[in-house]
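J.: What would the 3D arrangement of this be:
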Amino acid sequence: MSEEVLEATAVSGSPTKAAVVASTAFSPVIDKLLKPLVLDIDTKSVYPEAFLREMGKAGAFRGVVAPAHGGTAAGLRGVIDAMDEVSRTCMATGFMVWCQTAAARYLDQSDNLGLKQKVLPRIASGELLAGTGLSNTVKSCDGVEEARLTTVRVEGGYRVTGVLPWVSNLGEGHVFVTGCPVMGFEAEQRVFFLVDCSAPDFRMVQCATFVALEGTRTLACQFRDTFIPDDHVLAHPAESLAYIRRIKPGMVLAQMGMGLGLIDACIRLMHEADRTHAHVNQWLDDRPQDLQPQLDAARAATLALADTITANPTADVVLDILKLRLAGGELSVRAAHSAMLHQGAKGYLLRNAAQRRLREAYFVAIVTPATKHLRKEIARIEAGAKACAESI
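T.: Predicted structure coming up:
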């Protein structure tokens with residue numbers, strides 16, 4: 001699938017140099033605050049909070065936010081570039097950049113003016129760190145799993161009960177966005193809302209120990225008849241289908257930033273290994289010269305679609321985005337697999353990036369929407385179903 005999609009992209013339009021060379025605007029922050037922490041993030045569960053806040057100050061999160069609410073309106077292109085650049089050093093942290101910018105975009109695309117005025121500028125600047133808890137929402141809407149939260153409408157808001165097992169970029173003083181069905185409303189309708197992690201009747205607990213992404217503050221979220229006031233609602237059930245149509249394409253497309261940076265890093269590991277072992281590495285599949293054109297095509301296609309979605313969040317490009325996102329996950333795994341083989345036995349060393357990149361690559365292919373989920377949704381749409389808003 002990935003080679004077909006990326007070859008078609010390369011044929012349909014030759015990417016310009018500007019389209020395929022990622023930004024280095026955040027290099028000073030990455031060099032100073034992220035690179036020294038990478039091994040500790042991976043092996044000691046260090047959460048790079050200071051780095052995320054500095055990235056916010058440097059403007060990494062502002063592109064998806066309107067100027068009236070603390071943003072630049074530069075669009076998805078800018079935040080994807082930031083994820084791409086961060087992920088070349090640490091994809092786990094690139095994922096947290098995605099969490100932060102996804103949450104910002106959910107608020108930006110909402111009709112809740114109060115939240116936009118009071119909360120969105122703080123997320124856009126990195127003052128307030130934010131996660132996204134829409135994995136179960138997405139999978140339950142697409143028939144992949146059952147909804148884990150139940151909600152009832154009450155005076156002045158909603159009462160939420162249930163457990164979300166894995167939500168990332170959390171902590172005391174953080175917020176995140178999620179959504180779930182509401183009793184008494186149509187099954188496809190949802191309420192979407194902002195959760196304050198310090199809210200009464202809400203708890204965060206350590207849920208598991210992961211082999212990768214341990215530094216992402218991925219916690220279980222327990223709702224115990226938690227009250228969500230109307231002023232924290234991003235979309236009520238009657239508004240939810242139109243809201244879904246606005247947020248889904250950009251949410252999925254932005255994840256490409258993680259894959260692009262990871263693939264770039266894997267190609268660099270191959271070149272590094274070739275300094276001493278090109279004479280034997282030449283017999284491996286997926287050599288750097290094979291993967292680089294596909295990375296260039298993927299980056300060009302991603303940025304072109306980002307510009308389309310920025311101009312029109314409901315543009316008819318959902319199928320293109322799903323196919324590109326699937327290709328990105330598959331290419332990430334191929335690139336990381338090949339990087340490990342290029343490095344050879346050195347790839348097993350704890351300080352060697354190859355084994356970390358392999359573990360990170362599987363996350364690109366597994367994070368919602370996962371490879372199997374994407375294939376299911378692509379098949380559904382190609383069979384004649386609507387791309388949105390019947391499901392996210």
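
J.: can you give me the helices for the stretch 151-300 of the chain?
T.: Here the stretch 151-300 of the chain has its helices, by DSSP state H, counting those that start in this stretch, at 240-254, 256-281, 288-311.

J.: Check the ones you listed for me and report the most buried one.
T.: The highest mean neighbour count among the helices of the stretch 151-300 of the chain, using mean count of other Cβ atoms under 10 Å, belongs to helix 240-254: a mean of 23. In this view, the C-beta of every residue, glycine as well, is placed from N, C-alpha and C.

J.: and that helix, what does it pack onto?
T.: helix 76-89, helix 91-108, strand 191-196, strand 233-235, helix 288-311, helix 318-343 (3 or more Cβ pairs under 8 Å, 6 or more residues apart in numbering; DSSP states H and E).

J.: rerun that using 7 Å as the cut-off
T.: Counting contacts by 3 or more Cβ pairs under 7 Å, 6 or more residues apart in numbering; DSSP states H and E, helix 240-254 packs against helix 76-89, helix 91-108, strand 191-196, helix 288-311, helix 318-343.

J.: how about JSON lines for the helices of the stretch 151-300 of the chain, with distance to Thr101 and mean pLDDT added?
T.: Output for the helices of the stretch 151-300 of the chain, formatted as JSON lines (distance: least, Cβ to Cβ, whole Å; pLDDT from 0 to 100):
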{"stretch": "helix 240-254", "distance to Thr101": "6", "mean pLDDT": "95"}
{"stretch": "helix 256-281", "distance to Thr101": "9", "mean pLDDT": "97"}
{"stretch": "helix 288-311", "distance to Thr101": "12", "mean pLDDT": "98"}
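
J.: Please parse the protein into its domains.
T.: 13-129, 132-237, 242-382 (automatic domain parsing).

J.: what's the span of the second one, first residue to last?
T.: End-to-end span of domain 132-237 (Cα to Cα, to the nearest Å): 19 Å.

J.: repeat for the longest one
T.: Using Cα to Cα, the gap from the first to the last residue of domain 242-382 comes to 22 Å.

J.: where's that domain relative to the chain centroid, distance-wise?
T.: How far domain 242-382 lies from its chain's middle: 12 Å, per Cα atoms, centre = their mean, to the nearest Å.

J.: Following the chain onward from the one helix or strand Asp40 maps to, which element is next?
T.: Secondary structure from DSSP states H and E places Asp40 in helix 38-44. Using DSSP H and E, the helix or strand that directly follows helix 38-44 along the chain is helix 49-57.

J.: Could you name the helices and strands sitting against that following helix?
T.: Packing partners of helix 49-57 (3+ Cβ pairs under 7 Å, 6+ apart): helix 27-29, helix 91-108.

J.: Now do it: everything it contacts.
T.: Identification of contacts with helix 49-57 by Cβ atoms under 7 Å, 6 or more residues apart in numbering yields 26, 29, 33-34, 82, 93, 96-97, 100, 125-127, 129.

J.: Return the set of buried residues in that helix.
T.: Within helix 49-57, the residues scored as buried using 16 or more other Cβ atoms under 10 Å are Phe51, Leu52, Arg53, Glu54, Met55, Gly56.

J.: now swap in stretch 172-191 and tell me
T.: Quick answer for stretch 172-191 (16+ other Cβ under 10 Å): 174-182, 185, 189-191.

J.: returning to that earlier point: let's see the ChimeraX selection covering just the buried ones among the contacts of helix 49-57.
T.: Typed into ChimeraX, the line below selects the buried ones among the contacts of helix 49-57, using 16+ other Cβ under 10 Å:
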select :26,29,33,34,82,93,96,97,100,125,126,129
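
J.: Noted, bye for now.
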